[in-house]
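Enquirer: just to be clear, the model below is a prediction. Sequence and coordinates:
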Amino acid sequence: MPAKTFPDGEIVMGRWPGGHLYYEVQVTSYNKNTQLYTVKYKDGTELSLKENDIKPISYFKRKRSSSRSNSRQRSRSRSRSPARTQTPKHSNSRDRESRKQVENEEVQNEDLSKPVYQVQENYTNNKNTYVTDYPDEKEKNKSIYRRFEHKTCKEVVTDQLDPCNLQAKGEEAKFVHLDAKDGHLYVKKQVVQIQEQGFGTRVGAAFMIFLLPATLILLLLMCEQKDPSILSFPPQIPALQTLWNGTALGIFVLWFLFQALLYLLPIGKVVDGVLLANGKTLKYRINAFYAFLMCAMAVGVALYKELNLSYIHDYLRQLAVSAMIFAFVFSIYLYVRSWRVPADELAPEGNSGSFVYDFFIGRELNPRIRNFDLKYFCELRPGLIGWVVINLGLLFAEMKVQNRDVPSLAMILVNSFQLLYVLDALWNEAAILTTMDIVHEGFGYMLAFGNLVWVPFVYSLQAFYLVNHPNELSWPLALAIIALNTVGYIIFRAANSQKNAFRRDPHDPKLAHLKTIPTATGKSLIVSGWWGIVRHPNYLGDLIMALAWSLPCGFNHILPYFYIIYFTCLLIHREARDEHQCRKKYGVAWNKYRQLVPYRIVPYIY
């Protein structure tokens, strides 16, 4: 076992995880089992670092002094233009001694709490990629730049960079491919195995694989009971053969293929996604709203032909089980194909080496069959549009079961609110290209089950409940619920629009009133407007709308409120994952943002 190099309490330079910036830190402890040092930054942040991410302060002093001396030796060009005035070769000893004294004073006075080294990669505002020494001196034109102009090359890339030699002292060089595209130089990074992070590692992932289907089946069974109260839990489990229906499976597969066909139609504009970690930018066709309109026409034709949509209610359990089977088989395909893709196309969290964990989280970031993006397709099309169709079938089922000529006011509100939500998502389809699901999450069982099964069959729970448990609403109460949903939608849409507009063009004059703080990535964080109230105002709007969807069901049972309870837990968990990613990505700037915007989702509460 390697000996401990840095004693507790020593002041050293620690690299910020995921970046190339070094900060002054204090060693607080050392774990012999994991061989990780726990260090404390000046702002109070405590992180665990590997030994090769820690350097003594003297290391950077020597490196900077060496860099300056080498730069002076190379100041004369090999082929000097005759028109340039030559600098005298010799200077007296007093001048040299004076310059040396000044340099030593600059090294001693350097503020080691600032970043020591920085690598600029894939920064879209730079025409070329540079390797720089001391970013604070870059502004004073004192840095030495190395400019890459060839199309494809191999270069040595290490954690500590010197303007003369790109290989770190005492470390093995790592050769990677550098590809030039659109005037930028992109680094093809190798993806290494990471430790399991979310859902309690592989045990939690295995538990969730079985918990999610079981939870959905229990919810549907509870809704079918005359008394769906907690006192009636657990519901009576039906025979297993009643959960399976071949026709239901065929209907779901045909629905999936129909949506895939609409996705492939050459309608709608093609846009670029965000720049990925491997330097690639994928293209996406934006036509989900058109697909919805075509589905609406198809449903209209089916109703005109007197197709019985209440079949959805009668076989909802069988349709849900069919969707589960399809999602599970689909996830196996996604996992198997992920072993045939390059390492730089794997998801950051889906490459742990654990079969169960990687199967659940998803190994491949953006699995594609030619130009057909599987994750992007499943994000909105089959599940979200299917949710609307299921709601419509349950509306007709309510009229049939309760012998109504028109749907109840409660059912109309639930259908209308959720239809508005789906239409908003489809109309703003391009906005999901910057979400964590598309940019960061791998496509595995978690997203496949969530998009194809959980969304259409759990989010329609309120409408399913109202079929057998009617609730008559008064108009004043209905108007109050409509007002609540409107407030939630305004917050949700305004916050997302403000964020998306800022991402498209931070210099838009319409956004000049927003206050921001810069980050080391070159991007800025909004600290005013909706994003100055809480860190996730879109989550706040989501929760308000979720409450408005449940209120039309009344207060007789807690079952219709499962959605908002679950959704609150989901958003709190997602906010924690967002916090982890942003803290890793933005570093000290994120800590400052947290001080300026202390509340996460709900002002003055959380």
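Expert: In hand now; what should we look at?
Enquirer: and the longest helix along the chain, which residues are buried?
Expert: Scanning the chain for the helix with the most residues, using DSSP state H, yields helix 475-504. Of the residues in helix 475-504, those buried by neighbour count under the rule 16 or more other Cβ atoms under 10 Å are 478, 481, 484-485, 488-489, 491-492, 495-496, 498-499, 502. To be clear about C-beta, it is placed using only N, CA and C from the backbone, and glycine gets the same treatment.
Enquirer: as a whole number, average confidence for it?
Expert: Throughout helix 475-504, pLDDT has a mean value of 91.
Enquirer: check the offset of it from the chain's centre.
Expert: Taking Cα atoms, centre = their mean, to the nearest Å, one finds helix 475-504 lying 22 Å from the centre of the chain it belongs to.
Enquirer: paired strands for the helix or strand that that helix is followed by, with orientation please.
Expert: Next helix or strand after helix 475-504 toward the C-terminus (DSSP states H and E): strand 516-518. Pairing partners of strand 516-518, with direction, according to DSSP bridges: strand 524-526 (antiparallel).
Enquirer: who touches the partner strand?
Expert: With contact meaning Cβ atoms under 8 Å, 6 or more residues apart in numbering, strand 524-526 is reached by 498-499, 502, 506, 514-519, 532, 586, 589-590, 593.
Enquirer: what about 7 Å?
Expert: The contact list for strand 524-526, computed with Cβ atoms under 7 Å, 6 or more residues apart in numbering, reads 502, 506, 514, 516-519, 532, 586, 589, 593.
Enquirer: before we move on, the earlier item: farthest-separated two in the buried residues of helix 475-504?
Expert: Across the buried residues of helix 475-504, no pair lies farther apart than 478 and 502, at 36.5 Å, counting by Cβ to Cβ.
Enquirer: got the CA coordinates for stretch 225-236 in CSV?
Expert: Taking Å, rounded to 0.1, in the frame of the first residue of the first chain, the C-alpha atoms of stretch 225-236 are listed here in CSV:
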residue,chain,number,x,y,z
GLN,A,225,-61.1,-0.8,-6.1
LYS,A,226,-64.3,0.7,-4.7
ASP,A,227,-62.4,1.9,-1.6
PRO,A,228,-58.9,2.9,-2.7
SER,A,229,-58.0,4.1,0.8
ILE,A,230,-54.8,3.2,2.7
LEU,A,231,-56.9,0.8,4.9
SER,A,232,-57.6,-1.3,1.8
PHE,A,233,-53.9,-1.7,1.0
PRO,A,234,-52.6,-4.1,-0.3
PRO,A,235,-55.2,-4.7,-3.0
GLN,A,236,-56.2,-8.1,-4.1
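Enquirer: go through it and flag the buried ones.
Expert: Of all the residues in stretch 225-236, those buried under the rule 16+ other Cβ under 10 Å are 225, 228, 235.
Enquirer: can you check stretch 251-260 too?
Expert: Applying a neighbour-count criterion of 16+ other Cβ under 10 Å, one finds 251-252, 255-256, 258-259 buried in stretch 251-260.
Enquirer: the nearest residue to residue 409 once chain neighbours are set aside: neighbour count?
Expert: In space, residue 409 comes closest to residue 473 once its chain neighbours are excluded; the distance is 4.7 Å by Cβ to Cβ, 6 or more residues apart in numbering. Here the count is done by other Cβ atoms under 10 Å, and residue 473 has 20 residues near it.
Enquirer: in the protein, which strand is the longest?
Expert: Once the chain is assigned using DSSP state E, the strand that runs over the most residues is strand 22-31.
Enquirer: which one of the buried residues of stretch 225-236 is nearest to residue 4?
Expert: When these are compared for distance to residue 4, the smallest value, 57.9 Å, is given by residue 235; criterion: Cβ to Cβ.
Enquirer: next, the closest one: phi, psi?
Expert: Its backbone dihedrals place residue 235 at phi -70, psi 170, with angles given as degrees, to the nearest 10.
Enquirer: which residues does it contact?
Expert: The contact partners of residue 235, taken as Cβ under 7 Å, 6+ apart, are 218, 221-222, 225.
Enquirer: that one: what's its closest spatial neighbour, skipping adjacent residues?
Expert: Closest to residue 235 by Cβ to Cβ, 6+ apart is residue 221, at 4.0 Å.
Enquirer: that's a helix at that neighbour, yeah?
Expert: Yes: counting by DSSP: H, G, I helix; E, B strand; the rest coil, residue 221 falls inside a helix.
Enquirer: what is the neighbour count of it?
Expert: Counted with other Cβ under 10 Å, the neighbours of residue 221 add up to 17.
Enquirer: then the one 3 residues further on?
Expert: In terms of burial, residue 224 registers 18 neighbours under the definition other Cβ under 10 Å.
Enquirer: got the contact list for it?
Expert: Under the criterion of Cβ under 7 Å, 6+ apart, the contact partners of residue 224 comprise residue 468.
Enquirer: how far does stretch 330-341 sit from the chain's center?
Expert: The offset between the C-alpha centroid of stretch 330-341 and the centroid of the whole chain comes to 21 Å, using Cα atoms, centre = their mean.
Enquirer: contacts for that stretch next, please.
Expert: Residues outside stretch 330-341 that contact it (Cβ under 7 Å, 6+ apart): 346, 359, 362-364, 367, 443-445, 448.
Enquirer: just name the lowest-scoring one in the residues you listed, pLDDT-wise.
Expert: residue 346 (86).
Enquirer: surely it touches residue 364?
Expert: Yes: judged on Cβ atoms under 7 Å, residue 346 makes contact with residue 364 at a distance of 6.2 Å.
Enquirer: and residue 530, what's its pLDDT?
Expert: 86.
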